[in-house]
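1. 3D, please:
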Amino acid sequence: MKVTMVATGYVGLVSGACFSEFGHDVVCVDSDERKIAALNRGEIPVFEPGLDAMVAANTEAGRLTFTTNLGESVAASEVIFVAVDTPSRHGDGYADLSYVYAAVDDIAAHVQDGAVVVTKSTVPVGTGSELAERIGQRLAELGRDISVSVASNPEFLREGSAIEDFKRPDRVVVGAEDEATHATIARLYRPLSLRNVPMVHTSRETAELIKYAGNAFLATKITFINEIADLCEQVGANVQEIARGIGLDGRIGSKFLHAGPGYGGSCFPKDTRALLGIAEQADVTLPIVDAVVSSNESRKKRMADRIIAACGGSVEGKTVAVLGLTFKPNTDDMRESPSLDIIPALLEAGASVQAHDPEGMREAAPLLPDTKLMTGPYEALEGADVVVIITEWNVYRALDLPRVASLMNQPIMVDLRNIYTAAEMQQAGFTYYSVGREAIS
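-> Okay, the predicted model is just below:
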């Protein structure tokens with residue numbers, strides 16, 4: 001099938017590359033000429049393991065191309081995906097659909113009879129129906145007497161494992177209002193039928209809400225175990241053992257029960273806030289989701305207090321080494337990362353911060369201008385009074401602890417991801433603080 005992917009951001013580029021890997025002819029379109037030129041040179045604008053090799057292989061095979069010419073690609077496509085950003089709108093947290101509207105207006109001028117326009121972007125409930133009406137009006141204005149359908153096909157990609165998620169998903173959700181549109185999208189995903197991947201065929205509104213409900217539920221699990229971690233620290237319990245104990249219950253499951261500094265990234269913060277906005281417009285209250293958003297935001301801000309307490313109540317004039325800046329490993333995404341709350345608070349408290357991240361340094365530099373970005377983890381540790389692990393990159397999981405201690409002014413570690421054990425830190429002579437576990441001094 002011939003496919004156009006509008007926007008070459010994270011979702012658009014990964015989805016376009018994976019569809020081309022399925023054997024479809026995919027054109028990725030973007031208005032950013034520099035980004036398209038870079039992609040045509042084989043330069044990938046986002047970090048995602050395996051993406052560079054997949055793009056290179058399918059570009060060489062002629063199944064994947066990049067262009068700024070939306071009209072030409074849309075006119076030749078059976079399916080057009082809209083994968084533009086839907087950031088939180090300033091003031092109310094509602095999803096900003098301006099990029100979506102602009103994209104469908106441009107598509108309407110070139111789309112051919114019988115084509116399907118699919119929202120891959122995360123959009124509020126009712127957007128698909130609104131876009132169908134908007135495209136119809138735009139076609140009428142242009143004097144184009146053709147039939148175009150609109151579908152919703154939300155993405156469920158985890159940064160760092162997006163290719164695996166696309167090729168081996170838990171499910172594919174398709175929202176459409178007629179059987180022909182459902183059949184077209186099913187043909188696009190036909191390669192997944194060999195793995196018996198469930199296809200959830202539903203209405204546009206239901207598909208749109210599945211995306212928000214799924215992310216809100218996962219954010220709730222994270223927030224819940226973080227609150228349990230706070231209780232553990234007061235009563236002497238171990239949050240990791242509690243997570244295992246409840247996670248073995250099949251009704252609960254073990255995923256997203258890892259205590260830490262709070263969730264970040266491009267999806268959970270934005271989508272939970274947008275869901276509250278959707279509910280407000282529908283005159284419905286979502287007290288659980290509201291509590292999750294508030295709890296997570298306050299948690300990220302409180303993490304700096306933990307670090308200051310570990311340093312005896314003050315970091316004035318002290319050097320803090322921070323390992324990990326991105327919101328999670330295997331991505332260069334800094335959006336709403338806990339580091340963006342923690343580091344400014346430490347700087348404001350009088351600390352000097354020197355940090356390292358394997359992939360996020362370029363993205364972090366303009367966001368943390370007063371932070372010294374170091375070339376490696378051990379360079380970040382030199383002369384530090386405390387080391388803080390914010391992101392659980394593999395490179396930090398087996399640090400040479402005697403070397404770490406020798407580089408620091410004093411061996412104090414605040415492990416916000418619980419990647420070390422109390423026993424090994426005690427043996428190495430560290431004063432050790434983690435999340436939801438007993439401190440070691």
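2. secondary structure of Val84: a helix, I assume?
-> No: membership of Val84 in a helix is not supported by DSSP: H, G, I helix; E, B strand; the rest coil, which gives coil.
3. which residues touch it?
-> 6-7, 9, 12, 99-100, 102-103, 121 (Cβ atoms under 8 Å, 6 or more residues apart in numbering). Backbone N, C-alpha and C define where each C-beta goes, glycine included.
4. and which of those is nearest Val414?
-> For Val414, the closest of these turns out to be Gly9, at 33.6 Å, with distances computed as Cβ to Cβ.
5. number of nearby residues for the closest one?
-> 18 (other Cβ atoms under 10 Å).
6. what's the nearest residue to it if we skip its chain neighbours?
-> Asp85 (6.2 Å; Cβ to Cβ, 6 or more residues apart in numbering).
7. that neighbour and Thr122 touch, don't they?
-> No: in this structure, Asp85 is not within contact of Thr122 by Cβ atoms under 8 Å, at 9.6 Å.
8. can you pick the most crowded of the contacts of Val84?
-> Neighbour counts for those, by other Cβ under 10 Å, peak at Val6, which reaches 30 neighbours.
9. just the pLDDT for it.
-> With respect to pLDDT, Val6 has a value of 97.
10. that one and Ala102, how far apart?
-> Shown here: Val6 relative to Ala102, a distance of 10 Å by Cβ to Cβ, to the nearest Å.
11. next: Arg417.
-> Arg417 sits 40 Å away from Ala102, taking Cβ to Cβ as the criterion.
12. cool, Gln240 as well?
-> For Gln240, the distance to Ala102 equals 47 Å [Cβ to Cβ].
13. let's verify the nearest residue to Asp170 once chain neighbours are set aside: helix, strand, or coil?
-> Distances taken as Cβ to Cβ, 6+ apart place Phe156 nearest to Asp170, at 7.1 Å, with adjacent residues excluded. Assigned by three-state DSSP, the conformation of Phe156 is coil.
14. pretty sure Phe156 sits against Ala162.
-> No: between Phe156 and Ala162 there is no contact, the gap being 9.6 Å when judged by Cβ under 8 Å.
15. settle it for me: which of the two has more neighbours?
-> Counting neighbours by other Cβ under 10 Å for Phe156 and for Ala162 shows that Ala162 has the greater number, 26 against 17.
16. what's the local residue count around the residue lying closest to the more buried one once chain neighbours are set aside?
-> Take Ala162 and drop its neighbours on the chain: the residue closest to it by Cβ to Cβ, 6+ apart is Val14, 4.7 Å away. Each residue near Val14 was counted by other Cβ under 10 Å, and the total is 26.
17. I'd guessed Arg403 sits against Tyr378; true?
-> Yes: under the contact definition of Cβ under 8 Å, Arg403 touches Tyr378, with a separation of 6.7 Å.
18. more neighbours: which of the two?
-> Taking other Cβ under 10 Å, Arg403 and Tyr378 do not tie; Tyr378 has more neighbours (16 against 11).
19. what distance do you get for that one to Gly312?
-> Counting by Cβ to Cβ, the gap from Tyr378 to Gly312 is 25 Å.
20. again, but for Ala365
-> From Ala365 to Gly312 the distance is 31 Å (Cβ to Cβ).
21. also Ala162?
-> Taking Cβ to Cβ as the measure, Ala162 falls 42 Å from Gly312.
22. now Val27
-> Here the distance between Val27 and Gly312 works out to 59 Å (Cβ to Cβ).
23. more neighbours, these two?
-> Taking Val27 and Gly312 together and counting by other Cβ under 10 Å, Val27 has the greater number of neighbours (24 against 11).
24. for the more buried one, list each beta-bridge partner.
-> With DSSP bridges applied, Val27 shows beta-bridge pairing to Thr4, Thr65.
25. just checking, it touches Thr67?
-> Yes: because the distance of 6.0 Å satisfies Cβ under 8 Å, Val27 is recorded as touching Thr67.
26. quick revisit: next, format the contacts of Val84 as CSV and append distance to Lys300 and secondary structure.
-> Rendered in CSV, the data for the contacts of Val84 read as follows (distance: Cβ to Cβ, whole Å; DSSP: H, G, I helix; E, B strand; the rest coil):
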residue, distance to Lys300, secondary structure
Val6, 33, strand
Ala7, 29, coil
Gly9, 24, coil
Gly12, 28, helix
Tyr99, 27, helix
Val100, 29, helix
Ala102, 33, helix
Ala103, 33, helix
Ser121, 26, coil
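27. tabulate the residues you listed (a markdown table), appending distance to Glu438.
-> Below are those laid out as a markdown table (distance: Cβ to Cβ, whole Å):
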| residue | distance to Glu438 |
| --- | --- |
| Val6 | 52 |
| Ala7 | 48 |
| Gly9 | 43 |
| Gly12 | 46 |
| Tyr99 | 48 |
| Val100 | 49 |
| Ala102 | 54 |
| Ala103 | 53 |
| Ser121 | 45 |
